[in-house]
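> quick one, what's the 3D model for this:
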Amino acid sequence: MLRTEKIENAAQRNRDELFRFGTALLFIVGIMLFTIVRTDGGIDGILLVAAAMIGGYMAMNIGANDVANNVGPAVGSHAITLTGAIFIAAFFEAGGALVAGGDVVGTIKSGIIDPDLVADRDTFIWIMIAALLAAAVWLNFATAVGAPVSTTHSIVGGVLGGGIAAAGWNIADWSVVGQIAASWVISPLMGGLIAAGFLFLIKRTITYKRDVLTAANRMVPVLVAVMAWAFSTYLMLKGVKKIVAVSFPMALLIGVVVAVAVYVVMRPHIARATAKLENHKASVNDLFTVPLIFAAALLSFAHGANDVANAVGPLAGINEAITQGEISTKAGIPIWVMAVGAIGIALGLALYGPKLIRTVGSEITELDKTRAFCIAMAAAITVIIASQLGLPVSSTHIAVGGVFGVGFLREYIKSSYARMLDDIRDHHADSDPDAVDAFLAEFEAADVATKGDMLREMKAQAAADRLLGKQERRGLGRVHRVELVKRNLLLRIATAWIITVPIAAILSAMFFFMIRGMMLP
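Below you'll find the model as predicted:
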């Protein structure tokens, strides 16, 4: 019976995998057939069909890998189910790509190479195809091993490698490459610090208070209003700006107006909600459910609007080069190309996204709704700050950095609290056990300020009676190291981030030489 059950489970996994592969293959074949109808045949037609297929493949890999960062924390905190997250993200990713994906995108990403040094139109097309294929293959591998990586860095590495293979080292803008390398540190560090800062604020102003519900009534509407400001500004800068020109001061002003409106609406709503809850810090989690659902949707919309260029920007450049017969540093994106990116991202998320959603949402560290809220805040605020300071950041690195930030803060707090409890027991070593338990119970129920007063008073009273000195007590004390973040995942993800650009560049150079070898007479 056990053997039969194992066979059935293996067969079910194979059926699921076959369904995913078959659906993805049908999408690629559909793109191929649609593009064939639009072409006049010949070598240019073959190149456009190949580019469209690879663009669709790239879009699916973006959906499978990058989108997990937007909904992973909400799923990990149980604010929404995995199925609900996939539907929300797929809808808003596609909507963001189609509605606010932009009329024009730079096909030479971020000025990474100089298009004037590209020999001719055919060479440019080969570079873009090689870049798309290299980025897609690397993203596919990273998704398979459970490493969330930056799709922007992947395509930049692809363009860089293909460009160098075609025209030599001088074609690259190494200052831009240096900025990208700097973002490996800047993005996760900023995301982690901001997420940890918001979590610390929530703990000090709400969950560490004796009357948690009163504190929540006061602070949660403010926090949700700040989130509304951050996301409104974020959407103005990363989404709506693609349709209507919006200055940074105007985006901030719109964010403030939305924040005030949200505060007015949320204050009575939170008051009604807390009236039904028990006075316990776990109750606060339920107050962040609705904001987290909105955050997942808005992050997905902005991501679709911003990152669709990673899939279809090079494809748009190839289409422009074939139809116009010349190289363009900027290319208008036809609606069919945008549809390839939007549908591909949504399909990739639905078919292969759950693996990375679980990694980001639950495998790195345990998330609840307050921690997931802090990560969403970090994602929006970091992009706003970085975009105005001209700092290169990656949305993937920010979100994952935020997860690690809240995890390491939890480790620090847990370890510190354990040391405090040991200190209390050490100071009451000769006391009645019931008195020690009573003191610990009172200490547990106290807020942060009262805890500090109790510890200072306890140490002052006991200092004169100590037989051992401070250094000797330290030597006898236990070392508490609480690990709430998986170190093996930290190492795997950090390694994947560092090698993304060079691996994509090497793959792109290899693909370029292969394509050139096949296309030259």
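> now the helices for the stretch 101-250 of the chain?
For the stretch 101-250 of the chain, helices defined by DSSP state H, counting those that start in this stretch occupy the ranges 121-144, 151-167, 174-202, 212-238, 248-274.
> how about those helices in CSV, adding distance to I343, mean pLDDT and mean neighbour count?
The C-beta positions use only the backbone N, C-alpha and C, and glycine is treated the same way. Shown next, in CSV, are those (distance: least, C-beta to C-beta, whole Å; pLDDT from 0 to 100; neighbours: other C-beta atoms under 10 Å):
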stretch, distance to I343, mean pLDDT, mean neighbour count
helix 121-144, 15, 91, 25
helix 151-167, 16, 89, 28
helix 174-202, 28, 87, 19
helix 212-238, 21, 89, 22
helix 248-274, 29, 92, 16
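> can I get those helices in JSON lines with distance to E17?
Formatted as JSON lines, these follow (distance: least, C-beta to C-beta, whole Å):
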{"stretch": "helix 121-144", "distance to E17": "12"}
{"stretch": "helix 151-167", "distance to E17": "23"}
{"stretch": "helix 174-202", "distance to E17": "32"}
{"stretch": "helix 212-238", "distance to E17": "35"}
{"stretch": "helix 248-274", "distance to E17": "43"}
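> and A418, which of those is closest to it?
In terms of C-beta to C-beta, the element of the helices of the stretch 101-250 of the chain nearest to A418 is helix 174-202, at 18.0 Å.
> please name every helix or strand in contact with the closest one.
helix 151-167, helix 212-238, helix 369-389, helix 395-427, helix 487-519 (3 or more C-beta pairs under 8 Å, 6 or more residues apart in numbering; DSSP states H and E).
> now with 6 Å?
helix 369-389, helix 395-427 (3 or more C-beta pairs under 6 Å, 6 or more residues apart in numbering; DSSP states H and E).
> rewinding a little: so which of the helices of the stretch 101-250 of the chain is nearest V393?
Proximity to V393 (C-beta to C-beta) singles out helix 174-202 among those, at 4.3 Å.
> tell me the angle the closest one makes with helix 487-519.
Between helix 174-202 and helix 487-519, the angle comes out at 150 degrees (axes from the mean of the first three to the mean of the last three C-alpha atoms, to 10 degrees).
> out of the helices and strands packed on helix 174-202, which is the most enclosed?
helix 369-389 (a mean of 24; mean count of other C-beta atoms under 10 Å).
> where does the prediction get shaky in the stretch 251-400 of the chain?
306-307, 309-311, 325-332, 390-392 (pLDDT under 70).
> change it to 90
251, 273-287, 289-291, 294-346, 349-368, 379-400 (pLDDT under 90).
> now for V118: which residues touch it?
Going by C-beta atoms under 6 Å, 6 or more residues apart in numbering, V118 touches F124.
> can you give me the pLDDT of it?
Looking at V118, its pLDDT is 77.
> for I28, which of the helices of the stretch 101-250 of the chain is the nearest?
The nearest among the helices of the stretch 101-250 of the chain, by C-beta to C-beta, is helix 121-144 at 11.2 Å.
> how far off centre is that closest one?
Here the centre of helix 121-144 is set off from its chain's centre by 22 Å, with C-alpha atoms, centre = their mean, to the nearest Å.
> over to stretch 52-66?
Distance of stretch 52-66 from the chain centroid (C-alpha atoms, centre = their mean) equals 17 Å.
> need the contact partners of it.
So stretch 52-66 is contacted by 28, 31-32, 35, 132-133, 136, 139-140, 143, 151, 311-312, 315, 340-341, 344-345, 347-349, 352-353, 356, 396 (C-beta under 6 Å, 6+ apart).
> I'd like to know which of the helices of the stretch 101-250 of the chain is closest to I46.
Here helix 121-144 is closest among the helices of the stretch 101-250 of the chain (C-beta to C-beta), at 10.9 Å.
> angle of the closest one against helix 487-519?
Using the same axes, to 10 degrees: helix 121-144 against helix 487-519 is 150 degrees.
> just checking, what packs against helix 121-144?
By 3+ C-beta pairs under 6 Å, 6+ apart, helix 121-144 packs against helix 42-65, helix 151-167, helix 289-324, helix 487-519.
> looking at those, which is nearest to V257?
Nearest of these (C-beta to C-beta): helix 289-324, 16.3 Å.
> can you mark which positions in that closest one are buried?
Neighbour-count burial for helix 289-324 flags 289, 291-322 (criterion: 16 or more other C-beta atoms under 10 Å).
> stretch 485-492 too?
Those would be 485-486, 489-490, 492, for stretch 485-492 by 16+ other C-beta under 10 Å.
> mind saving the C-alpha coords of it as CSV?
What follows is stretch 485-492 as a C-alpha-only set of coordinates in CSV (Å, rounded to 0.1, in the frame of the first residue of the first chain):
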residue,chain,number,x,y,z
VAL,A,485,16.8,33.2,9.4
LYS,A,486,18.0,30.3,7.2
ARG,A,487,21.7,30.9,6.6
ASN,A,488,21.9,28.5,3.7
LEU,A,489,19.2,30.5,1.8
LEU,A,490,21.0,33.7,2.6
LEU,A,491,24.2,32.3,1.0
ARG,A,492,22.4,30.9,-2.0
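> so how far is it from its chain's centroid?
Centroid separation for stretch 485-492 versus its chain: 16 Å, with C-alpha atoms, centre = their mean.
> again with stretch 185-192
Remark: stretch 185-192 is offset 12 Å from the chain centroid, using C-alpha atoms, centre = their mean.
> what do you get for stretch 75-93?
Distance of stretch 75-93 from its chain centroid, counting by C-alpha atoms, centre = their mean, is 14 Å.
> stretch 214-224 now?
26 Å.
> what of stretch 340-349?
Here stretch 340-349 is found 17 Å from its chain centre; the criterion is C-alpha atoms, centre = their mean.
> how about the buried residues of stretch 485-492 in JSON lines, adding pLDDT?
Shown next, in JSON lines, are the buried residues of stretch 485-492 (pLDDT from 0 to 100):
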{"residue": "V485", "pLDDT": "83"}
{"residue": "K486", "pLDDT": "83"}
{"residue": "L489", "pLDDT": "85"}
{"residue": "L490", "pLDDT": "85"}
{"residue": "R492", "pLDDT": "88"}
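> from those residues, pick the one nearest G168.
R492 (34.1 Å).
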